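**Q** return atomic coordinates for the entry below.
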Amino acid sequence: MESFFATLKSELFYPNRFESTQSLKNGIKDYIHYYNHQRIKLKLKGLSPVQYRT
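**A** The predicted structure follows:
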């Protein structure tokens, strides 16, 4: 979990400026979807985590 939150902060939180807590929540929701469904990992044979599990 610590690794995930470090990645979340470095890829989403620090590079962006959020005008409200709602926009931050939406950004986190979108990032989690990207992290699980679109992010390609070489350790998972070049697949996203969801693709690898299925």
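**Q** what pLDDT does Met1 get?
**A** Note for Met1: predicted pLDDT of 89.
**Q** list the contacts of it.
**A** By CB atoms under 8 Å, 6 or more residues apart in numbering, no residues touch Met1. (Glycine included, C-beta is placed from N, CA and C.)
**Q** which other helices and strands contact the helix ranked longest in the chain?
**A** Secondary structure of the chain per DSSP state H: the longest helix is helix 21-37. If contacts are counted by 3 or more CB pairs under 8 Å, 6 or more residues apart in numbering; DSSP states H and E, helix 21-37 sits against helix 2-8, helix 49-53.
**Q** go with 6 Å
**A** helix 49-53 (3 or more CB pairs under 6 Å, 6 or more residues apart in numbering; DSSP states H and E).
**Q** how far off centre is the helix it packs on?
**A** 15 Å (CA atoms, centre = their mean, to the nearest Å).
**Q** so which residues make contact with that helix?
**A** 36-37, 44 (CB atoms under 6 Å, 6 or more residues apart in numbering).
**Q** what's the longest helix of the chain in contact with?
**A** Applying CB under 6 Å, 6+ apart, the external contacts of helix 21-37 come out as 12, 18, 48-50.
**Q** fine by me, thanks again.
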